[in-house]
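**Q** Predicted coordinates and the sequence they were generated for:
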Amino acid sequence: EDKVVQSPLSLVVHEGDTVTLNCSYEVTNFRSLLWYKQEKKAPTFLFMLTSSGIEKKSGRLSSILDKKELFSILNITATQTGDSAIYLCAGPTDSWGKLQFGAGTQVVVTP
Amino acid sequence: KAGVTQTPRYLIKTRGQQVTLSCSPISGHRSVSWYQQTPGQGLQFLFEYFSETQRNKGNFPGRFSGRQFSNSRSEMNVSTLELGDSALYLCASSLDRDHGELFFGEGSRLTVL
C-alpha cells in the first residue's frame, strides 16, 4: 500500500528561525515527489522532485530528494509569519493525477 | 492566466440530498483530478479524468461520481448525502495525463446537516 509519512506533525518557531520538514514515502512505481503549501484554501504548488540529490530552490524555500532512502526534506530559512501554513508532501501512485498525500506539517511562525 | 475555478465555493445540504460540484481547469490543461479533504482523513483522491475518460478512481462508494466534458471542464456528483460527506472538495488540473504538476482550485466546502 502506498504511504507518505510527514514529520513533525506540527511545530512553532520564531521569525528568523530555520525549519526542516521531513517526508518519507513508499509508493510503487516512483515517479516524483511534490510539496505543497496550504494556508486557508487551495494547496499551492511548491516543488516537484524527480531526481535524487538535486536541490530545488525558490527564495527561502529549498527541497531535496533521496530516492535510495525514500526521503525528502523541505527547508525554510529566515522564516516569516507569512510562512505559517500546512506543508503537504505527496507522491503520484497509479497515475500522475492520483496523489497519495501525507498528513501534513502545520508550521506556526510567531513574531 | 486564470487558475482552477470551482463552483460553488460554499454550500449547505441536508442528508439524503444530492450535490453537483463544478471545476474549470487552467486554460490548456486537459487532466483533472478531484480530492476530498477532511480534518480526520486529510486529502484523499476521488477521481482522475483525461479526455473525457476516467483514468482512476479512489476508494469511495458509488454515491460519488464524476465526468469530464470535451472542453476539459469537470463535474462531480454526490448522491444520497451523509453527514460524513461534509468536507472541502478540491479540484486540480495538470497539463496532460503524464505531467506531474497539479494545480489546485480553492475548493467547494460542503456542509451536510
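**A** Right, received. Where do you want to start? Residues are numbered from 1 along each chain as shown, chains lettered A, B, ... in the order given.
**Q** and A:Tyr36, what are its bridge partners?
**A** A:Phe45, A:Leu88 (DSSP bridges).
**Q** what's the answer for B:Ala87, then?
**A** On the basis of DSSP bridges, B:Ala87 takes part in beta bridges with B:Leu110.
**Q** Leaving aside the residues adjacent along the chain, what's closest to the residue nearest to the spatial centre of chain B?
**A** Relative to the mean C-alpha position of chain B, the nearest C-alpha, by CA atoms, centre = their mean, is the one of B:Trp34, at 3.4 Å. Of all residues not flanking B:Trp34 in the chain, B:Leu46 sits nearest, at 4.1 Å (CB to CB, 6 or more residues apart in numbering or on different chains). (Glycine included, C-beta is placed from N, CA and C.)
**Q** burial measure for that neighbour, as a count.
**A** Using other CB atoms under 10 Å in any protein chain shown, B:Leu46 is surrounded by 22 other residues.
**Q** I'd say it and B:Pro61 touch.
**A** No. Assessed by CB atoms under 8 Å, B:Leu46 is found out of contact with B:Pro61, at 11.1 Å.
**Q** need the contact list for the residue lying closest to A:Tyr87 once chain neighbours are set aside.
**A** Leaving aside its sequence neighbours, A:Tyr87 sits nearest to A:Thr105 (CB to CB, 6+ apart; 5.0 Å). Neighbour list for A:Thr105: A:6-11, A:21, A:86-87 [criterion: CB atoms under 8 Å, 6 or more residues apart in numbering or on different chains].
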